[in-house]
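>>> I'll drop the sequence and a predicted model, then ask my questions.
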Amino acid sequence: MENKSPKDWPWPEKLDALAADPKHHTLLLENEFVRVLETIIFPGEITAIHTHQ
């Protein structure tokens, strides 16, 4: 299994879920192996366009 670093991510940083939609995404844990986000989107809410690393 190949580990990719954040610098290998092809999308602009502004489209990262935490940057693009902080209302709905919270970083719970991040290290060199995993990134865990909590995402809460209630019925009827709309999220901003974003990517997932």
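Received the coordinates, thanks. Numbers count the residues shown, from 1 in each chain.

>>> How far off centre is stretch 11-31?
For stretch 11-31, the separation from the chain centroid amounts to 4 Å (computed by CA atoms, centre = their mean, to the nearest Å).

>>> ignore the last one, stretch 31-39
If you compare the mean C-alpha spot of stretch 31-39 with that of the full chain, they lie 8 Å apart, counting by CA atoms, centre = their mean.

>>> now stretch 8-19
From the chain centre to the centre of stretch 8-19 is a distance of 8 Å (CA atoms, centre = their mean).

>>> low pLDDT regions in the chain?
Applying pLDDT under 70 to the predicted model, the residue ranges of the chain that meet it are 1-7.

>>> Quick check, central residue of it?
Central residue check for the chain by CA atoms, centre = their mean: the C-alpha nearest the mean position is that of Ala17, 3.5 Å away.

>>> residue contacts, the nearest residue to Ile41 once chain neighbours are set aside?
Using CB to CB, 6 or more residues apart in numbering and skipping the chain neighbours, the partner closest in space to Ile41 is His24 (5.2 Å). (Each C-beta comes from the backbone N, C-alpha and C, glycine too.) His24 makes contacts with 17, 39-41, 45, 47, as judged by CB atoms under 8 Å, 6 or more residues apart in numbering.

>>> ok, so what distance separates His24 from Phe33?
In this structure, His24 and Phe33 are separated by 24 Å, where distance is defined by CB to CB, to the nearest Å.

>>> Check Asp16 too.
Between Asp16 and Phe33 the distance, using CB to CB, works out to 18 Å.

>>> quick one: which of the two has more around it?
Set side by side, Asp16 and Phe33 give different neighbour counts by other CB atoms under 10 Å, the larger being at Asp16 (19 against 7).

>>> which residues does that one contact?
Contact analysis of Asp16 by CB under 8 Å, 6+ apart lists 50-51, 53.

>>> quick one: which of those residues is nearest to Trp9?
The shortest approach to Trp9 among the contacts of Asp16 belongs to Gln53, at 5.5 Å (CB to CB).

>>> Please verify my assumption that the closest one contacts Pro10.
No. Under the criterion of CB atoms under 8 Å, Gln53 lies out of contact with Pro10, with a separation of 10.3 Å.
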